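**Student:** Here is a sequence with its predicted model. Questions after.
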Amino acid sequence: IDGPFALFILNRYTEPAIPMLLAAIKRNPMLFPPNLVVLGAVHPGEPENWEIPLVRIERCPDNMMASLMQNAAMCLYLSKAEGSGMTVLQAMTAGAMLVTTKSGANFEVAGTAPFYCESDNPFSLLQSLRRMLDESPKERDKRRQMARSLVIDNTWERCGNKILSTLRRSLI
């Protein structure tokens, strides 16, 4: 993928946000990199014109997805009611500059590491992008370090231990 790119992760949770993303791109295309990479299976609601040059990737291995997230100028995960937060954790592990929503488990697992916007408001997305682009390299590094430390707190082993601890306390 030539030049800087934005990565939009498309799945059943993010498909409803496509019109909002397109509206934001139309309002201020200068805030977006010159290329958009859409990662995920093709959905029937996808537009024919994404407003900026598009690279479409329907499937890729996890290591390639992590590389896309890491090398993207911005990673957009504009989900509505996503319950697991796994994609957000993957982006944080990869060191992505992540813009997401507070819906579902995203805020619970990610804390203040990503930039947040409302899933149906293009002005909110544009404001988040402006904040992200205004950060200095030192602030970005600090954000990435904070994200990685939060990911460490969300390992399967730690989650399992918390569940067992809760079960033990409830049986007393």
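**Tutor:** Nice, thanks for sending it over.

**Student:** Now do stretch 103-119: distance to the chain's middle.
**Tutor:** Centroid displacement of stretch 103-119 relative to its chain, using C-alpha atoms, centre = their mean, to the nearest Å, is 9 Å.

**Student:** Look at stretch 79-95 and report the distance between its end residues.
**Tutor:** Taking C-alpha to C-alpha, to the nearest Å as the measure, stretch 79-95 stretches 19 Å from start to finish.

**Student:** cool, and stretch 96-108?
**Tutor:** Stretch 96-108: ends 18 Å apart by C-alpha to C-alpha.

**Student:** what does it rub up against?
**Tutor:** 7, 13, 17, 69-70, 72-85, 88, 91-92, 110, 113-119, 125, 128-129, 132, 140, 143, 147 (C-beta atoms under 8 Å, 6 or more residues apart in numbering). (Each C-beta comes from the backbone N, C-alpha and C, glycine too.)

**Student:** Just the C-alpha atoms of stretch 1-14, please, in CSV.
**Tutor:** The C-alpha trace of stretch 1-14 is given here as CSV (Å, rounded to 0.1, in the frame of the first residue of the first chain):
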residue,chain,number,x,y,z
ILE,A,1,0.0,0.0,0.0
ASP,A,2,1.6,3.2,-1.2
GLY,A,3,1.8,6.2,1.1
PRO,A,4,0.1,6.7,4.4
PHE,A,5,-3.3,4.9,4.8
ALA,A,6,-6.2,4.7,7.1
LEU,A,7,-7.4,1.3,8.1
PHE,A,8,-11.1,0.7,8.5
ILE,A,9,-12.0,-2.6,10.1
LEU,A,10,-15.3,-3.7,8.7
ASN,A,11,-17.5,-6.3,10.4
ARG,A,12,-21.1,-6.6,11.5
TYR,A,13,-20.5,-4.2,14.3
THR,A,14,-18.9,-1.5,12.2
